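Undergrad: Model the following, please.
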Amino acid sequence: MLKQTVRSQLIKHEYHKDYLYILDGVVSVKRSSDKHWQVIREVMQLPAVKVVEHPDVFVQHSEYTLDDFDYFIELRNNEDEEITYEKINKPEFDEQDGFSMFDFE
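TA: Residues are numbered from 1 along each chain as shown. Model prediction:
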């Protein structure tokens, strides 16, 4: 998976424990389909390295936690900006819940 990409399937050889999987949390939450989420669930079960960009958004709107990932990617506006994940408000996950662009800070 690549940044800003919604995938509906992976090719058989793309399922491998030696691969590095990068998930774009915002794209996955805002623009993806059920098929994309099925790919995410399959990848999350692999014993491979998983990286998430925008982990706060992804965790708030999925069944996953920060502990499910090996690395996080966050972009900063300036080098003095500190990014923390101490207070991520996560409502009880319900796959049927909808959200709008106003759910994102």
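Undergrad: Where does the residue nearest to G25 when sequence neighbours are not counted sit, in terms of helix or strand?
TA: Spatial nearest neighbour of G25, chain neighbours left out: F58 (3.0 Å); criterion: Cβ to Cβ, 6 or more residues apart in numbering. Just so you know, the C-beta spots here come from the backbone N, C-alpha and C atoms, and that holds for glycine as well. Assigned by DSSP states H and E, F58 belongs to helix 55-60.
Undergrad: Whichever helix or strand comes after that helix pairs with which strands, and in what direction?
TA: For helix 55-60, the following helix or strand on the C-terminal side (DSSP H and E) is strand 71-73. Here strand 71-73 is paired, per DSSP bridges, with strand 49-53 (parallel).
Undergrad: tell me which strands and helices the helix holding F58 is in contact with?
TA: Helices and strands touching helix 55-60, by 3 or more Cβ pairs under 8 Å, 6 or more residues apart in numbering; DSSP states H and E, are helix 25-31.
Undergrad: Quick check: mean pLDDT of the helix it packs on?
TA: The pLDDT scores in helix 25-31 average 90.
Undergrad: Find me the pLDDT at the residue located most distally from the centre of the chain, would you?
TA: In the chain, counting by Cα atoms, centre = their mean, D80 sits farthest out from the average C-alpha position, at 25.1 Å. For D80, the pLDDT comes out at 78.
Undergrad: And it, how far from Y71?
TA: D80 is 22 Å from Y71, where distance means Cβ to Cβ, to the nearest Å.
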